[in-house]
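J.: sequence-free structure coming up:
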């Protein structure tokens, strides 16, 4: 896969090593915050880590924003990604069904997450605005940029996907779409060369999850 992500780091081993260290320390700090810092203080703490690390990566890239994916237009155009969104959604749906089916067959209890109607606004901001912005900044913009050079695009996709799964496991929401979603988001980021695509995919995916949680609340409270 050809990607413009990280191109400014290819000619400077020193900047590549520094950017890689920034990414590793930022991810470690984020995981520590998820594990130890209580709600809601951890929201600000995670944002602080992501923004500081992003500023560092921008400086190390010499201010070359396209090499970080900080462009609106994806390389393949919007129509390509509209079609890919449908395929990605189908793939994630299959993963969810297979994963939950295997869990139930293994004797596990099917989890039911719900969101009451009065919390829709707050949940929308957290799930569809805050989480995509913070996590895509850190796990794509900060992490994938040096890894795309050091490990190659596919190595970056695997590493980013695995790292993205860990905070969800620590938060107790280790569902299939969280465990595998990072792989699709990292691929979309490197393929499109634009952070806008994983941001939109992440927000849309979380919106569907929120809709399912609200529907689950009404189902449990029916009658």
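T.: Received the coordinates, thanks. Treat the numbers as computed from the prediction; the structure is a model and nothing was measured.
J.: and residue 76, backbone torsions?
T.: The phi/psi pair for residue 76 (degrees, to the nearest 10) reads phi -90, psi 0.
J.: quick one: contacts for the closest residue to it other than its chain neighbours?
T.: Leaving aside its chain neighbours, residue 76 sits nearest to residue 192 (6.5 Å; criterion: C-beta to C-beta, 6 or more residues apart in numbering). To be clear about C-beta, it is placed using only N, CA and C from the backbone, and glycine gets the same treatment. By C-beta atoms under 8 Å, 6 or more residues apart in numbering, residue 192 lies in contact with 69, 74-76, 81, 198.
J.: What is the nearest of these to residue 95?
T.: residue 198 (17.2 Å; C-beta to C-beta).
J.: and the worst-scoring helix or strand of the chain on mean pLDDT, how far from the chain's centre?
T.: Within the chain, no helix or strand scores below helix 78-105, which has a mean of 85 by mean pLDDT, DSSP states H and E. How far helix 78-105 lies from its chain's middle: 16 Å, per C-alpha atoms, centre = their mean, to the nearest Å.
J.: do the same with stretch 92-109
T.: With C-alpha atoms, centre = their mean, you get 22 Å for stretch 92-109.
J.: Just the buried residues of it, please?
T.: Buried residues in stretch 92-109, counted by 16 or more other C-beta atoms under 10 Å: 92, 95.
J.: Repeat that for stretch 55-70.
T.: For stretch 55-70, a neighbour-count test (16+ other C-beta under 10 Å) marks 56-58, 60-61, 67-69 as buried.
J.: Can you tell me which of the residues you listed is nearest residue 203?
T.: Using C-beta to C-beta, the buried residues of stretch 55-70 come closest to residue 203 at residue 69, 16.2 Å.
J.: hang on, isn't the closest one packed against residue 195?
T.: Yes. Counting by C-beta atoms under 8 Å, residue 69 does reach residue 195; the two are 4.4 Å apart.
J.: overlap in contacts of those two?
T.: Residues touching both residue 69 and residue 195 by C-beta under 8 Å, 6+ apart: 140-141, 189.
J.: who wins for most neighbours among the residues you listed?
T.: residue 189 (31 neighbours; other C-beta atoms under 10 Å).
J.: does that one count as helix, strand or coil?
T.: helix (DSSP: H, G, I helix; E, B strand; the rest coil).
J.: Now render the buried residues of stretch 55-70 as JSON lines, adding secondary structure.
T.: Putting these into JSON lines (three-state DSSP) gives the following:
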{"residue": "56", "secondary structure": "helix"}
{"residue": "57", "secondary structure": "helix"}
{"residue": "58", "secondary structure": "helix"}
{"residue": "60", "secondary structure": "helix"}
{"residue": "61", "secondary structure": "coil"}
{"residue": "67", "secondary structure": "helix"}
{"residue": "68", "secondary structure": "helix"}
{"residue": "69", "secondary structure": "coil"}
